[in-house]
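# let me see the structure of the following:
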Amino acid sequence: MSALLSELGIIVGKRGLLVGEGRTRRYRTGFRFGSGKAFAVVRPGSLLELWRVVNACARAGVIVIMQAANTGLTGGSTPDGDDYDRDVVIVSTTRLDGIHLVRGGKQVICLPGSRLFELEDKVAEVGREPHSRIGSSCIGASIVGGICNNSGGALIHRGPAYTQMALYARIESDGTVRLVNHLGVTLGGDPETMLSRLDAGAFSESDVIDDPAALGSDPHYQDHVREIDADTPARFNNDPRHHFEASGSGGHVVVFAVRVDTFEHEDRIADFYVGTNDPAELTAIRRHILSRFQSLPIQGEYIHRSAFRLTARYGKDTFLAVRHLGAKHLPKLFALKGRFDSMVSRLPWAPRDVSDRVMQFAATLFPQHLPARMRDYDTRFEHHLILKMGGTGIDEARAFLSGFFPTAHGDFFECTADEGERAFLHRFAVAGASIRYRALRRDTIEDFVALDVAHRRNDADWDEKLPADLAEQIVGVSYCGHFFCHVFHRDYLLKKGRDPLAFEHAMLTLLDARGAEYPAEHNVGHLYPAKPALERHYRDLDPTNSLNPGIGHTSKKANWA
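Predicted coordinates:
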């Protein structure tokens with residue numbers, strides 16, 4: 001293995017190769033879950049270096065785990081334990097950023113390290129929007145990671161991240177590496193020339209090929225989600241409709257670039273805030289809007305009182321950081337946090353979770369960050385729905401909600417611009433609040449179990465009521481979701497001494513009985529089983545099982561043994 005280490009060092013240089021427990025810790029540890037050993041972490045600085053790294057690893061017969069921003073919620077971009085049959089090399093793509101507009105910005109070509117917030121800024125210059133927004137993603141989420149995971153996003157009429165146009169490498173059954181160019185761009189003959197040209201943006205519009213049969217997004221999702229009487233969920237990771245080469249690949253190919261659609265920017269936008277103590281009212285709103293409105297909502301985000309209150313306290317620093325620093329600075333801040341935690345972990349006398357404790361304390365020094373009307377609804381209503389409408393949909397929503405409310409159980413208000421921004425930022429901060437709570441309450445909770453659930457489109461009984469034997473195992477929950485797609489994110493905070501794995505299995509059994517699918521949008525990672533269609537997709541892409549083996553509870557061994 002020393003020969004491989006030497007070759008990798010020659011390819012990426014001293015700064016691009018990390019070895020040792022301390023230097024690799026933040027790459028080996030998932031944002032929410034997952035950790036394990038790694039022989040090395042490699043950080044290539046160009047697509048050509050990435051190609052050479054993958055070839056070197058394939059010749060050496062090691063496992064390669066491709067990692068973008070490492071913001072996944074299911075541990076799918078880090079090692080999982082230490083029971084692999086080969087050494088593991090993590091390849092981080094964070095240095096490989098780059099976004100190229102094509103066809104006047106109606107499409108973009110994104111390199112593996114490019115982030116969602118960078119894409120938002122880039123396409124805004126030409127009056128366009130990306131598939132997803134910061135409010136529907138993790139901090140610093142990568143575009144390619146979203147495609148590989150079929151990430152769902154919160155934008156109702158756009159569906160899961162999906163494309164049929166990608167440039168990727170696959171490891172063949174004989175161990176050789178083959179570059180596949182389905183990007184729809186003429187780049188040359190041999191891989192090194194192709195990748196060098198793409199990295200430099202050395203291609204023109206005349207090199208771009210338009211194939212009407214090659215999709216850069218799912219054009220049918222908005223019709224699909226409107227089918228409110230369908231007995232199946234709208235979107236979920238095991239759905240074969242969105243498995244195509246890099247799309248849904250879960251790291252079983254090495255993606256150098258994807259080509260995806262952008263969307264027209266909506267200039268006229270309004271946000272509405274709904275509160276109710278009767279979940280049937282939200283069901284009636286969802287069904288009416290999806291079946292009767294001419295204009296689909298842009299977003300419709302659900303937040304339960306449990307998540308509202310947990311996030312108000314433990315997600316405040318995330319809220320303030322996004323609002324005052326902007327999303328683009330957060331990956332750097334979290335990288336600093338990771339390096340600090342890695343350094344402190346080497347000190348045997350240092351307390352655990354120091355950075356989380358410092359950040360939590362700092363947040364308490366700032367004044368109240370949530371608007372008065374939102375806090376009032378928290379005291380009055382258990383269920384909250386934040387509705388973003390654009391164009392003619394604003395008038396549709398205003399007229400409908402004014403006729404629907406007030407009721408004995410609920411009410412609504414139309415947000416000011418500031419209230420709308422704060423409402424969606426609060427919803428965005430939910431994902432990190434459970435992590436912070438765990439870090440600060442390790443003496444009272446064992447861990448939390450996070451489930452990512454897609455209910456059937458016709459399911460009116462979405463408000464979860466836990467059986468007594470499961471309810472007694474938890475100290476609390478945090479529920480939120482993308483309501484119109486019927487996708488829910490549920491965190492269960494387990495009492496000390498309880499078994500998280502047994503609790504999770506019991507919950508999945510209940511979901512199976514209800515016809516729900518899981519995961520809905522966060523990829524199977526190492527938390528969920530890959531169903532047969534998804535496992536077939538993985539096996540077809542990666543016959544030697546050398547790229548990210550073990551995800552979806554599949555085999556970690558060579559050749560799928």
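
# low-confidence stretches in this structure?
For the chain, applying pLDDT under 70 flags the ranges 133-140, 327-331, 334-335, 338.

# try 50 this time
The model of the chain has pLDDT under 50 over residues 135-138.

# quick one: furthest residue from the center of it?
Residue farthest from the centre of the chain, counting by CA atoms, centre = their mean, is residue 408 at 37.4 Å.

# and that one, what helix or strand is that in?
Assigned by DSSP states H and E, residue 408 falls within no helix or strand.

# what segments of the stretch 201-350 of the chain are strands?
Remark: strands assigned in the stretch 201-350 of the chain by DSSP state E, counting those that start in this stretch are 254-261, 263-264, 269-276, 299-304.

# deepest-packed of those, please.
With neighbours defined as mean count of other CB atoms under 10 Å, the strands of the stretch 201-350 of the chain peak in mean count at strand 254-261, which reaches a mean of 26. Quick note: C-beta positions are derived from backbone N, CA and C, even for glycine.

# partners of that one in the sheet?
Paired neighbours of strand 254-261 in the sheet (DSSP bridges): strand 107-110 (antiparallel), strand 166-171 (antiparallel).

# and those as a markdown table, adding distance to residue 222 and mean neighbour count?
Putting the strands paired with strand 254-261 into a markdown table (distance: least, CB to CB, whole Å; neighbours: other CB atoms under 10 Å) gives the following:
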| stretch | distance to residue 222 | mean neighbour count |
| --- | --- | --- |
| strand 107-110 | 19 | 25 |
| strand 166-171 | 24 | 24 |
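
# show me where the stretch 301-450 of the chain has its helices.
305-314, 316-325, 330-345, 354-364, 372-380, 392-404, 417-428, 430-440 (DSSP state H, counting those that start in this stretch).

# out of the strands paired with strand 254-261, nearest to residue 507?
strand 166-171 (34.5 Å; CB to CB).

# what residues does that closest one touch?
51, 54, 58, 147, 177-183, 185, 187, 194, 198, 245-247, 249, 253-259, 541-544, 546-547 (CB atoms under 8 Å, 6 or more residues apart in numbering).

# any idea how far it is from the chain center?
Relative to its parent chain, strand 166-171 has a centroid offset of 21 Å by CA atoms, centre = their mean, to the nearest Å.

# again, but for stretch 110-118
13 Å.

# same question for stretch 72-88.
For stretch 72-88 - counting by CA atoms, centre = their mean - the centre lies 18 Å from the chain centre.

# so among the contacts of strand 166-171, which ones count as buried?
51, 54, 58, 147, 177, 179, 181-183, 185, 187, 194, 198, 245-247, 249, 253-259, 541-544, 546-547 (16 or more other CB atoms under 10 Å).

# using PDB, list the CA coordinates for the helix or strand containing residue 146.
Assessed by DSSP H and E, residue 146 sits inside helix 143-148. Provided in PDB are the C-alpha atoms of helix 143-148 (Å, rounded to 0.1, in the frame of the first residue of the first chain):
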ATOM      1  CA  ILE A 143     -25.100  19.700  -7.100                       C
ATOM      2  CA  VAL A 144     -23.600  16.400  -8.200                       C
ATOM      3  CA  GLY A 145     -24.300  14.900  -4.800                       C
ATOM      4  CA  GLY A 146     -28.000  15.900  -5.200                       C
ATOM      5  CA  ILE A 147     -28.100  14.100  -8.600                       C
ATOM      6  CA  CYS A 148     -26.400  11.000  -7.300                       C
END
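
# how many other residues sit next to residue 364?
9 (other CB atoms under 10 Å).
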